[in-house]
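**Student:** sequence and computational prediction follow.
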Amino acid sequence: QVQLVESGGGLVQAGGSLRLSCAASGRTFSSYAMGWFRQAPGKEREFVAGISWSGGRTSYADSVKGRFTISRDNAKNTVYLQLQMNDLKPEDTAVYYCAARTSPVVGGTWDYWGQGTQVTVSS
């Protein structure tokens, strides 16, 4: 059974930090690229950050570069994906989703999605 389970969302003041986590199991996620997306109310889901299967390559949306850091831990049966978010802004408020694609590199379509975790940044 494929599972991508996010955690770590919450309410934080502007300028604060949060760390999101995603536990992925049920497939060989250690061979897949993974990423974070977000969707704010009334807006389309957007790419936030991605990481290759080995962690050797990362990519970020311009809006989060320098503030967010994506990382992963390819454990034996479960892959742990993190998103460290610093200097948070009210415009970062959204539901954040963990995703994976059956390719080792970021780009193209995404095949698996988590249920999302809410991040709210107050001004």
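**Tutor:** Received the coordinates, thanks.
**Student:** in contact with the residue nearest to the spatial centre of the chain, which residues?
**Tutor:** The structure's the chain has its C-alpha centroid closest to Trp36; by CA atoms, centre = their mean the separation is 2.5 Å. Neighbour list for Trp36: Leu20, Cys22, Val48, Ala49, Gly50, Ile70, Leu81, Leu83, Tyr96, Tyr97, Cys98, Ala99 [criterion: CB atoms under 8 Å, 6 or more residues apart in numbering]. C-beta: built from backbone N, CA, C; applies to glycine.
**Student:** can you tell me which of those lies nearest to Leu4?
**Tutor:** Cys98 (4.9 Å; CB to CB).
**Student:** run a quick neighbour tally on the closest one.
**Tutor:** For Cys98, the number of neighbouring residues by other CB atoms under 10 Å comes to 28.
**Student:** likewise for the one 3 residues further on?
**Tutor:** Residues near Arg101, counting by other CB under 10 Å, number 19.
**Student:** equivalent analysis for Ser17, please.
**Tutor:** 11.
**Student:** give the contact list for it.
**Tutor:** Ser17 neighbours (CB under 8 Å, 6+ apart): Gln84, Met85, Asn86, Asp87, Leu88.
**Student:** now the strands for the protein?
**Tutor:** With DSSP state E as the criterion, the chain has strands at 3-7, 10-13, 18-25, 33-39, 46-51, 58-60, 68-74, 78-85, 94-101, 112-113, 117-122.
**Student:** list the buried residues of the first one.
**Tutor:** Read it as strand 3-7. Leu4, Glu6 (16 or more other CB atoms under 10 Å).
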